[in-house]
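output the structure for:
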Amino acid sequence: MHKNNQTMKQGDRLLKMPGKLDRGPIEFKSRIAGSEGEVMGIATRGVISVPQTMTIIGAVETMTAYGFRRLPITDAGTHRLRGIMTARDIIDFLGGGDRFNLVRVKHGGNLLSAINESVREIMTQRVTTMPHTATIAGAAEIIVTKKIGGLPIVDDEDALAGIVTERDVMKALATEDTDVTVEEVMSTGLRVTGPDTPIGSVTREMIAHGFRRLPLVSDDVLFGIISASDIMKYLGSGEIFTRLSTGDVAEVMGLPVRTLTGAELYTTAPTTNINDAALKMLQKGVGALPVIEEGKLIGLITEFDLVKAFYEE
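Have a look, this model is predicted:
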């Protein structure tokens, strides 16, 4: 694990002598360094990243310890970005999608063996980035159009310079007052699941439909909400290992999903102003709020919905 070392420049290597033989004039390549854009004013600097050789469990433990939903993967020397691992990649690995083949096929279902593979086996390699000269509006546009929760920022040498998330952008854009209410921008027609649904089934549902969270509903009553980060923490906190006896992944993914939900459940009303909804998300540290009317769940509003709403205002 390392932080970005901004004093190390790729161009430094061009200053080395070419050797004893005369190979002609040394070609000095150069770039004009761009000034930092306003996006760096809201981004996280000194980003923690890990090398491709770190184990999967090591990376997941790092994300859990720091409360990250995404972790950049970089070269140790140059800090150039090689990939990113997200909470979604981890639930894919635990049973939701193609990455589960690493557990099921290569390791015969043995989770204890599979988690010691290197992180390069499951990381996302094609990463959308943005330059450190970008604007906040530019970040919002990429988040909205590509539906990405966070963007690594690179400098003139393509080294990791920071990361900006939809929460950062929402916080910046929510300073502008608006008359828009939650019911105008919330998601409706929600896909929900029951609190007794096995964790493995929930991971498959999330990957198949591209969800980061699912409301848990029983007898028309909202029981809670489960997110990809909740399932990631199940592995990263070590709780999953207290339930393993043979190492078979089926032992731990067959448990009801309600075992992973927290006690606190924050909601909002359809008539709430989106400035107030954004403030509540920031204060409570949550990425979404179920929308309740007359005791029933009628929608869900997320950080993405708010970034989109503020951006389009």
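
where does the chain have low pLDDT?
Confidence mapping of the chain against pLDDT under 70 gives the ranges 1-34, 263.

for Q283, see how far away the spatially closest residue to S187 that is not a sequence neighbour is.
Nearest non-adjacent residue to S187, counting by C-beta to C-beta, 6 or more residues apart in numbering: L300, 5.0 Å away. In short, each C-beta sits where N, CA and C put it, glycine included. Using C-beta to C-beta, to the nearest Å, one obtains 18 Å as the distance from L300 to Q283.

neighbour count winner among these two?
L300 (24 against 9; other C-beta atoms under 10 Å).

in a strand, the more buried one, correct?
Yes - using DSSP: H, G, I helix; E, B strand; the rest coil, the secondary structure at L300 is a strand.

could you say what helices and strands the one helix or strand I163 maps to packs with?
I163 is part of strand 160-165, with elements assigned from DSSP states H and E. Applying 3 or more C-beta pairs under 8 Å, 6 or more residues apart in numbering; DSSP states H and E, one finds that strand 160-165 makes contact with strand 70-74, strand 150-154.

looking at these, which is closest to A114?
strand 70-74 (18.0 Å; C-beta to C-beta).

could you check how far the closest one is from the centre of its chain?
What separates the centre of strand 70-74 from the centre of its chain is 10 Å, taken as C-alpha atoms, centre = their mean, to the nearest Å.

residue ranges of the strands in the protein, please?
2-3, 48-49, 70-74, 81-86, 130-131, 150-154, 160-165, 213-218, 221-227, 288-293, 296-302 (DSSP state E).

output those strands in CSV, with distance to V182 appended to each entry.
Written out in CSV, the entries for the strands of the chain read as follows (distance: least, C-beta to C-beta, whole Å):
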stretch, distance to V182
strand 2-3, 38
strand 48-49, 34
strand 70-74, 26
strand 81-86, 27
strand 130-131, 29
strand 150-154, 23
strand 160-165, 21
strand 213-218, 15
strand 221-227, 16
strand 288-293, 6
strand 296-302, 5
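
these: which one's closest to E184?
Minimum separation from E184 across these (C-beta to C-beta) falls at strand 296-302, 10.0 Å.

that closest one: which residues count as buried?
By neighbour count, and taking 16 or more other C-beta atoms under 10 Å as the criterion, the buried residues in strand 296-302 are L297, I298, G299, L300, I301, T302.

could you check the angle strand 213-218 makes with it?
Between the axes of strand 296-302 and strand 213-218, defined by axes from the mean of the first three to the mean of the last three C-alpha atoms, to 10 degrees, the angle is 170 degrees.

so what's the residue nearest to G97 when sequence neighbours are not counted up against?
With sequence-adjacent residues excluded and distances taken as C-beta to C-beta, 6+ apart, G97 is closest to I207, at 4.1 Å. Listed by C-beta atoms under 8 Å, 6 or more residues apart in numbering, the contact set of I207 reads R88, I91, D92, G96, G97.

of the residues you listed - the most surrounded one?
Within those, I91 tops the neighbour count with 29 neighbours, counted by other C-beta under 10 Å.
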